[in-house]
Every structure is written in C-alpha cells, then in structure tokens.
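Asks: pasted the sequence and its predicted model underneath.
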Amino acid sequence: MGYSRFAGRFDPRWVAALGMVLLAGGWGLVAVAHSIPAVLVGLIVAGLGGGLVFPNLYSWLADLTPPAWRGRITAGMSSAVFLGQFLSPLVLAAPAAHPAQGFVWGSLGIAAIGAGLFALSVMRPKVA
C-alpha cells in the first residue's frame with residue numbers, strides 16, 4: 001500500500017536497497033526474538049521491506065523489458081519467487097542430520113545456480 005509513495009520519486013536501486021535492508025532487519029529481529037510480540041515486530045518490518053522490494057522489482061523489470069516480452073518476463077519472475085518460496089524449506093530442512101547441514105546444502109545450491117547464471121551471462125552467442 002505504501003509503494004505508490006516511492007514509485008517514480010526515487011531511483012529503483014535505492015528503493016530495492018531500502019526494502020532489502022528492511023527485510024534483513026525484520027528477519028534478523030525474528031531470529032533473535034524471545035517473545036511473540038518481538039516476532040510480530042520483526043514480521044511487520046520484514047513485511048514492509050517485502051512491500052517495497054517486490055513491486056519495485058516488477059516495475060523495474062517491466063521498464064527494462066521490451067513491450068512484447070513483458071508478460072513472459074514478469075511471469076518468469078513470479079514463477080521464480082514462488083518456486084523459491086516452495087523449495088527453500090525443502091532444501092534447507094531436508095538433510096536434517098545436523099541443523100546447519102541444510103544451510104550448507106542450500107548455500108551450495110544457490111552458489112551453483114549463481115555460477116551457472118554468471119557463466120550464461122558472459123557467454124557470447126555464436127553467429128552462424
């Protein structure tokens with residue numbers, strides 16, 4: 001509800017940074033909370049960050065995309081977000097022999113995906 005106050009007034013990179021800081025701070029509060037009210041405060045802060053990040057990224061992405069591809073690109077982002085929300089507990093909690101082991105597997109998976117995306121971004125298409 002508050003995103004419309006930021007849209008167009010600030011550089012999308014600054015809005016994304018502010019949203020990410022709020023998300024990280026909110027989840028950090030949740031991680032160290034010792035009571036339900038403290039958890040709720042953390043969730044509210046994280047929710048405010050998410051309310052800035054997601055609409056900002058969608059509009060930023062739509063601005064960078066040619067009109068013919070906007071539907072596909074924003075649908076791909078939505079799919080990636082929801083797939084990540086679905087898979088993250090499975091990846092992080094599946095190997096539960098040790099609590100940190102899930103984090104390690106998730107981190108390795110994210111690193112592999114990042115490396116693959118980086119490799120694809122630097123590869124140049126061959127002209128026939």
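Replies: Yep, it's here.

Asks: where in the protein is pLDDT low?
Replies: Of all residues in the chain, those with pLDDT under 70 make up the ranges 1-3, 6-7, 90-106, 124-128.

Asks: find the centremost residue of it, please.
Replies: The central residue of the chain, meaning the one whose C-alpha is nearest the mean C-alpha position (Cα atoms, centre = their mean), is residue 81 at 6.9 Å.

Asks: surely it and residue 53 touch.
Replies: No: with contact defined as Cβ atoms under 8 Å, residue 81 does not count as touching residue 53 (10.2 Å). Any C-beta I mention is one placed from the backbone N, CA and C, and that applies to glycine too.

Asks: burial measure for residue 30, as a count.
Replies: A count of neighbours around residue 30, defined by other Cβ atoms under 10 Å, yields 16.

Asks: what residues are up against it?
Replies: Under the criterion of Cβ atoms under 8 Å, 6 or more residues apart in numbering, the contact partners of residue 30 comprise 39, 42, 43, 46.

Asks: show me where this structure has strands.
Replies: Across the chain, reading from the start of the chain, there are no strands by DSSP state E.
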